[in-house]
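**Q** Got a predicted structure here, sequence first:
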Amino acid sequence: MNLRKSISFLSFILLPITLNYFAPVLIVQASFEKTFTIMHIIFLLMILSAIFFGGSWCSYICPFGALQELVPTTKPKHKLPNLKWLTGGVFFTLIIAPLIMHGFQKIILPYHMVDTKVSVSSFHDLIRYYIITISIILITIVLGKRTWCQYICPMYIFNYIGMNIGSFLKLPSLKITCKSEKCTQCKRCTNNCLMGIEVADMVKNNNWNTKECIQCGECLNVCKCDVLKRKWKK
């Protein structure tokens, strides 16, 4: 788990440099301007990653996921409305619709970063950086750990698309499997799941929720009975 946390925290530390490369607003703006940018490449890589590694992007690469792990907080006490289907659907439509109608007419890979490749290079950029990070911190503190990921994040839609492409093509991907007969239902796995998944119940019923799992491996790390394993499988 130390490797995962090291990579994700490095991603967060680099956020002042990389913020624009992950910015939903900028990729939508680029699509409306019929411009192919590095953001399109990154979100395509997110889909490709999900085909073979499931939701690993969220636990290893996403700087906003690492930010939420830095905030000391608890598991949400109540289920909240799952808005990420709405936010993700709107986000994806705003990217794809202009491309279907007009396509790409130019390529600007840096995009809005012609003079500097660093996202936070001015006072205005610094204010934007703090608005984004502080908003996610406040949401996490008030509503619980990884609330942004579980219920709001519009970028989840790319994970979902990738995982469904992998399933449709029957491609092997990284999955967590379980041996339910070994499980003592201690619920350590459930209590430590970053996405609030009822892991113990899924083990008991042999029914793994691969669409929500972000492959963080916290459940494997705390299981004392060798119930859970990572495997490549179709």
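**A** Cool, got the structure. Numbers count the residues shown, from 1 in each chain.
**Q** what's the helix or strand for I176?
**A** Element membership of I176 [criterion: DSSP states H and E] is strand 173-178.
**Q** which other helices and strands contact whatever helix or strand comes next after that strand?
**A** Going down the chain from strand 173-178, the next helix or strand is helix 188-192, by DSSP H and E. Contact analysis of helix 188-192 by 3 or more C-beta pairs under 8 Å, 6 or more residues apart in numbering; DSSP states H and E lists helix 199-205, helix 218-222 as its packing neighbours. Glycine gets a C-beta too; all of them are placed from N, C-alpha and C.
**Q** what would these look like in TSV with mean pLDDT and distance to I17?
**A** Shown next, in TSV, are the helices and strands packed on helix 188-192 (pLDDT from 0 to 100; distance: least, C-beta to C-beta, whole Å):
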stretch	mean pLDDT	distance to I17
helix 199-205	90	35
helix 218-222	92	28
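**Q** is it true that T73 lies in a helix?
**A** No. Remark: T73 does not belong to a helix; assigned using DSSP: H, G, I helix; E, B strand; the rest coil, it is coil.
**Q** Leaving out chain neighbours, which residue sits closest to it?
**A** Spatially, and ignoring its direct neighbours in sequence, T73 is nearest to K145 (4.9 Å; C-beta to C-beta, 6 or more residues apart in numbering).
**Q** Could you verify my assumption that that neighbour touches G65?
**A** No. Using C-beta atoms under 8 Å, K145 is not in contact with G65, being 10.6 Å away.
**Q** hey, what's in contact with both of the two?
**A** L194 (C-beta atoms under 8 Å, 6 or more residues apart in numbering).
**Q** Neighbour count for these two, which is higher?
**A** G65 (24 against 21; other C-beta atoms under 10 Å).
**Q** before we move on, back to that, helix/strand/coil for the residue nearest to T73?
**A** Three-state assignment for K145 (three-state DSSP): coil.
**Q** how near is it to M39?
**A** 28 Å (C-beta to C-beta, to the nearest Å).
**Q** Tell me which residues are up against the helix or strand that H40 is a member of.
**A** Assigned by DSSP H and E, H40 belongs to helix 38-53. Helix 38-53 has contacts (C-beta under 8 Å, 6+ apart) with 20-23, 26-27, 30-31, 56-57, 61, 95, 109-111, 155, 158-163, 165-166, 169, 171-174, 215.
**Q** Now list the buried members of those.
**A** Among those, the ones that count as buried by 16 or more other C-beta atoms under 10 Å are 20-23, 26-27, 30-31, 56-57, 61, 95, 111, 155, 158-163, 166, 173-174, 215.
**Q** These in strands, which ones?
**A** Taking DSSP state E as the definition of strands, the buried ones among the contacts of helix 38-53 contribute S173, L174.
**Q** and I131, what helix or strand is that in?
**A** Using DSSP H and E, the element containing I131 is helix 123-143.
**Q** May I see the buried residues of that helix?
**A** Burial within helix 123-143, assessed by neighbour count using 16+ other C-beta under 10 Å, is assigned to D125, R128, I132, T133, I136, I137, I139, T140, L143.
**Q** now the residues you listed in JSON lines, with pLDDT and distance to L228?
**A** Below are the buried residues of helix 123-143 laid out as JSON lines (pLDDT from 0 to 100; distance: C-beta to C-beta, whole Å):
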{"residue": "D125", "pLDDT": "85", "distance to L228": "42"}
{"residue": "R128", "pLDDT": "88", "distance to L228": "40"}
{"residue": "I132", "pLDDT": "91", "distance to L228": "34"}
{"residue": "T133", "pLDDT": "93", "distance to L228": "33"}
{"residue": "I136", "pLDDT": "92", "distance to L228": "29"}
{"residue": "I137", "pLDDT": "92", "distance to L228": "31"}
{"residue": "I139", "pLDDT": "90", "distance to L228": "29"}
{"residue": "T140", "pLDDT": "90", "distance to L228": "26"}
{"residue": "L143", "pLDDT": "87", "distance to L228": "27"}
